[in-house]
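>>> how does the following fold in three dimensions:
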Amino acid sequence: MARLNELRLISRVAQMYHIEGRRQAEIAQHLRLSQATVSRMLKRAEAEDIVRTSVIPPAGTYGELEAQLRAKYQLPEAIVVECTEDRDGAIMVRIGEAAAHLLEVTLAPGEIIGVSSWSQTIFKMVENIHPQKSAQAKYVVQTLGGMGDPSVQTHATQLTTRLARLTGAEPKLLPVQGVTTSREAKLLMQADPFVRETMDLFGSITLAIVGIGAVEPSELLARSGNIFSSRELADLAEAGAVGDISLRFFDKNGKSVKTPLDERVLGLPLEELARVERVIALAGGAKKTDAIAGALRVGVIDMLVTDKFTAQRLVDL
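The predicted structure is shown next:
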């Protein structure tokens, strides 16, 4: 009977706090208890299953899928977005919208943002960002050479400069090709003071926003000219590569695929990306499922923003 009396009082304390909205100090005064006792009773109410917490996700959100992704890939965070079509164009738009909102609400003052400028999904994110007034970034740093075919060159430059303008930051462009003709050409380009100035900021990036690519390059990257030849791509596939982050390739287990081609890429290496405090990957689509799974196993991604169709495929793999 003593236990029942104790639980009755605990139940009343819980009712006053959770349902009536009273403060702990007010409850203590009303029931002639110490505030420490009220606090202990509220904890007991949870332990005794008197108080239960329910989270009911709104329609169009996928908390269970996100939890499965976090568990399966040891991923700190995941955002799974609603999408009516399992089609690349529709998926990029929805991921871009969600990523824009995420950046707006989590951007810290003085942030140094690293961004790969040859991603259509990241471009969709930039299109949806509102100008930031309270929290402003310091720099937006291009993490992969942004020079390419003139027909698409404006895309890479505009992505970086527009993101910088929207976040109140100074753009730091990498005015060279992402893929050089040789290792020697890469070393020569790196010696340029403007290139060096941008690359020296790689170690100071606090937030990296990256895309994930399959071995077969996206249409935009292919048009830019920042790609390897068909023979070289075939060699990468034979070496076990399933995808890339900024042209740094990895296999299905997340292990880096190092070939002589790596020496020709002018951009942020995976080893340096791993040291960035927060890395957000934006990717989705059936063609990229294996690449995304491999990327998550690399161990550098802190948050994945993807669509519900891709998320389900990743869980089912």
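>>> could you list the domains of this protein?
Per the TED database, the structural domains of the chain span 1-48, 63-316.
>>> just name the most buried of those.
Most buried of these by mean neighbour count (mean count of other CB atoms under 10 Å) is domain 63-316; its value is a mean of 19. Heads up, the C-betas are built off the backbone N, CA and C, glycines and all.
>>> can you tell me the SS state at residue 9?
helix (DSSP: H, G, I helix; E, B strand; the rest coil).
>>> got a list of what it touches?
By CB atoms under 8 Å, 6 or more residues apart in numbering, the residues touching residue 9 are 31, 41.
>>> ok, it to residue 39 distance?
Distance, residue 9 to residue 39, by CB to CB, to the nearest Å: 14 Å.
>>> residue nearest the centroid of this structure?
With distances taken as CA atoms, centre = their mean, the chain has residue 280 as the residue nearest its mean C-alpha position (1.7 Å).
>>> doesn't it lie inside a strand?
Yes - using three-state DSSP, the assignment for residue 280 is a strand.
>>> ok, for it, nearest residue in space, not its chain neighbours?
residue 303 (4.7 Å; CB to CB, 6 or more residues apart in numbering).
>>> beyond the strand or helix carrying residue 163, next helix or strand please.
Assessed by DSSP states H and E, residue 163 sits inside helix 150-166. Beyond helix 150-166 in the direction of the C-terminus, DSSP H and E gives the next helix or strand as strand 170-172.
>>> show me where the stretch 151-300 of the chain has strands.
All strands of the stretch 151-300 of the chain, identified by DSSP state E, counting those that start in this stretch, fall at 170-172, 207-211, 213-214, 241-245, 248-251, 278-282.
>>> please name whichever of those strands is nearest to residue 26.
Checking those against residue 26 by CB to CB gives strand 278-282 as the closest, at 40.3 Å.
>>> distance from that closest one to the middle of the chain?
2 Å (CA atoms, centre = their mean, to the nearest Å).
>>> ok, that strand: who's next to it in the sheet?
Strand 278-282 sits in its sheet next to strand 207-211 (parallel), strand 303-307 (parallel), going by DSSP bridges.
>>> list the contacts of residue 127.
96, 100.
>>> coming back round to it: between the helix holding residue 163 and strand 207-211, how many degrees?
Using axes from the mean of the first three to the mean of the last three CA atoms, to 10 degrees, the inter-axis angle of helix 150-166 relative to strand 207-211 is 150 degrees.
>>> could you export helix 150-166 as PDB, CA atoms only?
The C-alpha trace of helix 150-166 is given here as PDB (Å, rounded to 0.1, in the frame of the first residue of the first chain):
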ATOM      1  CA  PRO A 150      33.000  27.800 -71.300                       C
ATOM      2  CA  SER A 151      29.400  26.600 -72.000                       C
ATOM      3  CA  VAL A 152      29.100  25.500 -68.300                       C
ATOM      4  CA  GLN A 153      31.900  27.500 -66.700                       C
ATOM      5  CA  THR A 154      29.500  30.000 -65.400                       C
ATOM      6  CA  HIS A 155      27.800  27.300 -63.400                       C
ATOM      7  CA  ALA A 156      30.800  26.600 -61.200                       C
ATOM      8  CA  THR A 157      31.700  30.200 -60.700                       C
ATOM      9  CA  GLN A 158      28.100  31.300 -60.000                       C
ATOM     10  CA  LEU A 159      27.500  28.500 -57.500                       C
ATOM     11  CA  THR A 160      30.400  29.700 -55.300                       C
ATOM     12  CA  THR A 161      29.900  33.400 -55.700                       C
ATOM     13  CA  ARG A 162      26.200  33.200 -55.200                       C
ATOM     14  CA  LEU A 163      26.500  31.100 -52.100                       C
ATOM     15  CA  ALA A 164      29.000  33.600 -50.800                       C
ATOM     16  CA  ARG A 165      26.700  36.500 -51.400                       C
ATOM     17  CA  LEU A 166      23.700  34.800 -49.800                       C
END
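>>> lovely, talk soon.
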